[in-house]
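Peer 1: My questions concern the predicted model and sequence given below.
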Amino acid sequence: MFGLGGIRLRGPDKKYIRDEAHVEDYKNAPAVGRVRFGELCFYYRDLGVKYYVPYDYIERAFIRISETQPDDSPPIYYYRLILVHDGKEFANLIFNKEPEADEALEKLSERAPNMAVGYIPPPGGKKASFR
């Protein structure tokens, strides 16, 4: 039922592609967790959808650490690789282990040398409210 049409990749423009060059690049790309580093693009999976992002589209990347405090248990940490374009976060990729997130950011920096690395606080120092 699923996967009968082959691999579809969704781009930053929300359009899907199925061309052979990108599909082969996706299949042959080395993976770290749920991200892949192809020759043509950066690939990731999120909620069952496979995405492709040209390396030059990613303007900035950084790691955000999220903490969850379950009742009567030690905290659980999640490491999120955040990708930014045009001042907006467009990908939030969760890793369970810090070394995987660090490796993914390092490899992404190698593939996208013009990409900035690090968090930049929003103007005024506060996130916009969602009211």
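Peer 2: Thanks, I have the structure now.
Peer 1: For stretch 83-97, list every residue counted as buried.
Peer 2: By 16 or more other C-beta atoms under 10 Å, the buried positions in stretch 83-97 come out as 83, 84, 91, 93, 95. Any C-beta I mention is one placed from the backbone N, CA and C, and that applies to glycine too.
Peer 1: For residue 49, which non-adjacent residue is spatially closest?
Peer 2: residue 10 (5.5 Å; C-beta to C-beta, 6 or more residues apart in numbering).
Peer 1: Contact partners for that neighbour?
Peer 2: Residue 10 sits next to 16, 49, 50, 51, 52 when contact means C-beta atoms under 8 Å, 6 or more residues apart in numbering.
Peer 1: so the residue lying farthest from the centre of the chain, which of the three states?
Peer 2: For the chain, the largest distance from the centre (C-alpha atoms, centre = their mean) belongs to residue 72, which lies 32.0 Å off. Assigned with DSSP: H, G, I helix; E, B strand; the rest coil, residue 72 falls in the coil class.
Peer 1: any idea of the pLDDT on it?
Peer 2: Residue 72 carries a pLDDT value of 83.
Peer 1: returning to that earlier point: using TSV, please lay out the contacts of residue 10 together with neighbour count, secondary structure and pLDDT.
Peer 2: Below are those laid out as TSV (neighbours: other C-beta atoms under 10 Å; DSSP: H, G, I helix; E, B strand; the rest coil; pLDDT from 0 to 100):
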residue	neighbour count	secondary structure	pLDDT
16	12	strand	94
49	11	strand	91
50	17	strand	95
51	18	strand	96
52	22	strand	97
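Peer 1: so what secondary structure elements neighbour whichever helix or strand residue 94 is part of?
Peer 2: Element membership of residue 94 [criterion: DSSP states H and E] is strand 88-95. If contacts are counted by 3 or more C-beta pairs under 8 Å, 6 or more residues apart in numbering; DSSP states H and E, strand 88-95 sits against strand 41-46, strand 76-85, helix 98-111.
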